[in-house]
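I'd like to go over a predicted model; first the sequence, then the structure.
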Amino acid sequence: MHRLRAVGIRVAIDHSDATYNQAKTGFAAGVSFATHLFNAMSPLVSREPEDHRRPVRGPEIYCNIISDGLHVNRANVRNAKRIKGDHLVLVIDVTASTGAENIDRFIFASETIYYRHDLCTDGRGTFSGSALTMIEVAHNNVEYAGIALDEALRMAALYPAQAIGVDARLGTLTVGKIANLSTFIPAIIKSAKLSFTAKKFGHERVSDDTERTDPDRQAILTLLNN
């Protein structure tokens, strides 16, 4: 692990059944990230704190979380955000069902995965990925977790870049950075109907049947200018 860190590779703990002390040893050795917070991790018991208590409480540890309302209860998303602040990152854990039409199953790692009611499971009923897009996850954070729009967008763009050490090139719209841009119409959030727009060279294309309120517009401008 020390050798990985020495060449700039970020090391994460992922779906772990490690004990609390084992997890502490891993973080002390250089683990800086926890993947899919709360999912497939040991539960809390009175005499053995679960391993994900360390990344949740450790201010230096980044965590990503699947905020689809299925993998993690939305109350736990709010709690994690309150504790982690700018070290909580959105992740979508996409599968073949994401954005697809008329699909009820697909093959992943030689196993059939079933897609029903926005949920992907294997034949045993075990969660097997998500069907959400990043825009939908950001919407969930605003609509159900009470997170401000500009902060939800940072969780989807800036904080992930910081977590893996590429924020000098990605994560914000700044002179000299790579211009990877995806914007959406915030007014549509209120009806849970999501829509994409395009922004290129400072010009924005918005469909005629949408309307953006000033606070929503300011939220995106805040994100893009920070």
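Received it, and whenever you're ready, just let me know what you need. Numbering: from 1, shown residues only.

now the residue nearest to Ala161 when sequence neighbours are not counted: how far from Gly165?
Of all residues not flanking Ala161 in the chain, Gly171 sits nearest, at 3.1 Å (CB to CB, 6 or more residues apart in numbering). Any C-beta I mention is one placed from the backbone N, CA and C, and that applies to glycine too. To Gly165, Gly171 is 11 Å away according to CB to CB, to the nearest Å.

These two - which one has more neighbours?
A direct count of neighbours by other CB atoms under 10 Å for Gly171 and Gly165 places Gly171 higher, at 22 against 12.

Isn't that one up against Ala157?
Yes - using CB atoms under 8 Å, Gly171 is in contact with Ala157, at 5.4 Å.

Report the central residue of the protein.
Leu90 (1.3 Å; CA atoms, centre = their mean).

partner residues bridging it?
Ile65 (DSSP bridges).

what's it in contact with, if anything?
By CB atoms under 8 Å, 6 or more residues apart in numbering, Leu90 lies in contact with Asn64, Ile65, Ser67, Met134, Val137, Ala138, Asn141, Ala152, Met155, Ala156, Pro160.

at 6 Å what do you get?
The neighbours of Leu90, taking CB atoms under 6 Å, 6 or more residues apart in numbering as the test, are Val137, Met155, Ala156.

Tell me how far it lies from Ile164.
Computed as CB to CB, the Leu90 to Ile164 distance reads 14 Å.

coming back round to it: what pLDDT does the residue nearest to the centre of the chain get?
Per-residue pLDDT puts Leu90 at 92.

what do you get for Ser16?
At Ser16, the model reports a pLDDT of 79.

Assign it to one of the three secondary structure states.
coil (DSSP: H, G, I helix; E, B strand; the rest coil).

And Thr98, by the same measure?
coil.

now swap in the one 5 residues further on and tell me
Here Ile103 is coil, with the state taken from three-state DSSP.

wait, doesn't it sit right on Ser97?
Yes - assessed by CB atoms under 6 Å, Ile103 is found in contact with Ser97 at 5.4 Å.

quick one: common contacting residues for those two?
Contact criterion CB under 6 Å, 6+ apart; residues shared by Ile103 and Ser97: Tyr115.

The two - which one has more neighbours?
Ser97 (23 against 13).

Show the low-confidence segments of the protein, by residue range.
For the chain, the stretches with pLDDT under 70 are 43-58, 182-226.

Would you map the strands across it?
Under the criterion DSSP state E, the chain contains strands at 11-14, 31-35, 62-65, 88-90, 105-108, 111-116, 119-121, 183-184, 196-200, 203-205.

out of these, nearest to Ile147?
With CB to CB as the measure, strand 88-90 is the member of those nearest Ile147 (9.4 Å).

can you give me how far the closest one is from the chain middle?
4 Å (CA atoms, centre = their mean, to the nearest Å).

now do stretch 134-148
Between the centre of stretch 134-148 and the centre of its chain there are 10 Å (CA atoms, centre = their mean).

Then stretch 120-138?
So, by CA atoms, centre = their mean, the centroid of stretch 120-138 is 13 Å from its chain's centroid.

can you tell me the distance between the two ends of it?
20 Å (CA to CA, to the nearest Å).

How about it, which residues are buried there?
For stretch 120-138, a neighbour-count test (16 or more other CB atoms under 10 Å) marks 120, 127-138 as buried.
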